[in-house]
Every structure is written in C-alpha cells, then in structure tokens.
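A.B. asks: Got a predicted structure here, sequence first:
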Amino acid sequence: MDIQVLGVRGLPLIQKGDDLPRLICERATFEDGDILCIASSVYSKAKGYTRRLDEIVPGERAERIAAGTREDPRFVQAVLDSSTEILLEYPFILSAVPCGHIGVRAGVDHSNIEDDRIIYLPPDPMAAAADIRDGVHRINGRDIGVIITDTCGRAFRRGQTGIAIGWSGMTAINDYRGDTDLFGHVLEITEEAVVDEIAAFANFVMGESHQGVPAVIFRNCGRWKGHDDIYFAAAEDIIRCALKETAKR
Ligand code: GDP
Ligand code: MN
Ligand code: MN
Ligand code: MN
C-alpha cells in the first residue's frame, strides 16, 4: 500500500451553520475510496453543539465533583449532561456517552473555542460521518469514507491519541479471524480497529493547538472486511466491570 496523507489547509474558524463539506471541497480534491477524517470539534462547532458556560446551571452532583477535581462546576455539569453512565468521578470524570464511547470528561472540550464556551461531542457521531459523506458526494460525486475523530486519553499509557467516534463508508474493524499467517496458522482473535488507527494518524497531522488543520484525507488505504461492533457490551468489558466494582467500595 502506498498511502497518501493530505492535511486540508486554509479552513476558516468554523461557526455554527457552516457547510463543512463545501468548505473542505473548495480546498481539496477527492478520489473515490478516499477517507476523510474530520475533528469532532469542528463538526460540533458547525452544527452548534457548543454552549456558553454561563448558560449552564450546575446541580448538586456537579458542585460536589467539581470541588474534588477543582474544575468549573458548569463544565462538570456539561460532562454529566453528556453522559449515560459515570464510571469514575475522581481524579477525573470517566463516562459513557450515548454512542457507546467511554472517555474522560465525556469528550467535552474547551480548546479551540472562545474562552467562555465549550464544545460537546456530536450526539450521534455515526450520523455525523454519514452526513459529511453525503455532503461530499452531493458536491463532487465522489464516493468517500468519513471518520469523525477526537483526541482521547488511553488506559495504561500516558499520552493522548486520535480515535474514531463515528465512521461511514467502511467497517470499523478489519476482521482477520479465519485468515492464515505466514506459517499457515489460522488467526482466531485478531480484529484490527482500523478506524482508530487511521484516526490516530489523522490526529497527528491535525495537531492539538493552533495548527488549524481539522480535516485530513487518506488516499489508497485499500479496502477491508469486518464489522462495526467496536464497543464491548457492558458485561464483557472487564475494565468497565472492574471500575464499577471499585466505585462501589
Ligand atoms: P478535537 O481533537 O476534535 O478535540 O479537535 P482539536 O481541538 O484538537 O483540533 C484539531 C485540529 O483542528 C487542530 O489542528 C486545530 O487547530 C484545528 N481546529 C479546531 N477548530 C478549528 C476551526 O474552527 N477552524 C480550523 N481551520 N481549524 C480548527
Ligand atoms: Mn480540542
Ligand atoms: Mn476533543
Ligand atoms: Mn485534538
């Protein structure tokens, strides 16, 4: 594979109502099969999934958690509002969001937006990816894949990486089960989370601060077969179960 990775330069500061597919297609050309990665932060800004902190009234739980984490209670309330289940309150909130993703502070973000505002994750990131994919197709007729990314911390290791929170036009997982290795052994376990691998490299190209590159195009990634069940069911997720046990004590 001879993969090309192209950051989309020259995009403006994104405002509510902006047509992201249009803005991107004015600055980039696409080929069928390309994969377009978009930072969730700009998708959310374009769709208005942002809020002013002074519109948020923190409840009792937010006040209590914020006292421990030394965060703004209004920010903590936004995290609680985004969450379907809180797995950890301290030293940071770790929670599940409606799409199944589990992350620190529910992905609520206060970077790359005005001082008094916060950015929520898109509530339905799979639909967000499909929406961008359709938008590009309507503009230039290209059949591309789209991945909505966010920067996210990991268990066990220091340092954040990009992950895929929504995707369209490909399966999340390249399922190697049943394939044979170089020695003819049948693979029994390997399901490669390709959308996360691509999202991670896209995140590297985007940067985290003032780079202004919220869209990255991957060309010639090939195709793979698999499935979209990237999230463990709650009962089979041993780390989630262990955290819940810890929280009970
Ligand atoms: P997140 O990972 O989804 O939280 O997004 P980040 O805040 O880390 O931003 C990812 C990339 O997009 C960085 O290069 C930012 O500078 C860039 N970015 C964020 N918001 C905007 C925007 O409104 N316009 C442009 N042009 N770039 C942005
Ligand atoms: Mn950010
Ligand atoms: Mn983010
Ligand atoms: Mn980021």
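C.D. replies: Thanks, I have it. Ligands and ions are numbered 1, 2, ... in the order given.
A.B. asks: and the residue in the chain that ligand 2 sits nearest to, how many neighbours?
C.D. replies: Minimum separation of the chain from ligand 2 (Cβ to the ion) falls at Ser111, amounting to 3.7 Å. C-beta here means a position set from N, CA and C on the backbone, and glycine is covered the same way. For Ser111, the count of nearby residues is 10 (other Cβ atoms under 10 Å).
A.B. asks: Now do the same for it: its pLDDT.
C.D. replies: At Ser111, the predicted lDDT confidence score is 94.
A.B. asks: near ligand 1, which residues of the chain?
C.D. replies: Within the chain, the positions near ligand 1 by Cβ under 6 Å from any ligand atom are 11, 13-14, 39-42, 45, 109, 111-112, 150-151, 206-208, 210-214.
A.B. asks: Tell me which of those fall in strands.
C.D. replies: Of the positions in these, Ala39, Asp150, Thr151 sit in strands, assigned by DSSP state E.
A.B. asks: Go through the top helix by length along the chain and flag the buried ones.
C.D. replies: If you go by DSSP state H, the chain has its longest helix at helix 125-140. For helix 125-140, the neighbour count (16 or more other Cβ atoms under 10 Å) marks Pro125, Met126, Ala128, Ala129, Ala130, Asp131, Ile132, Arg133, Gly135, Val136 as buried.
A.B. asks: Need the contact partners of that helix.
C.D. replies: Here helix 125-140 makes contact (Cβ atoms under 8 Å, 6 or more residues apart in numbering) with 19-22, 24-25, 29-30, 36, 38, 40, 43, 47, 99, 101, 122, 142-148, 165-169.
A.B. asks: Now His101. Nearest residue, chain neighbours left out?
C.D. replies: Leaving out its chain neighbours, the residue that sits closest to His101 by Cβ to Cβ, 6 or more residues apart in numbering is Ile165, at 5.4 Å.
A.B. asks: cool, and Glu31?
C.D. replies: Counting by Cβ to Cβ, 6+ apart, the residue nearest Glu31 is Arg219, at 6.3 Å.
A.B. asks: Could you chop this protein up by domain?
C.D. replies: Domain assignment for the chain by automatic domain parsing gives 1-48+124-231, 50-121.
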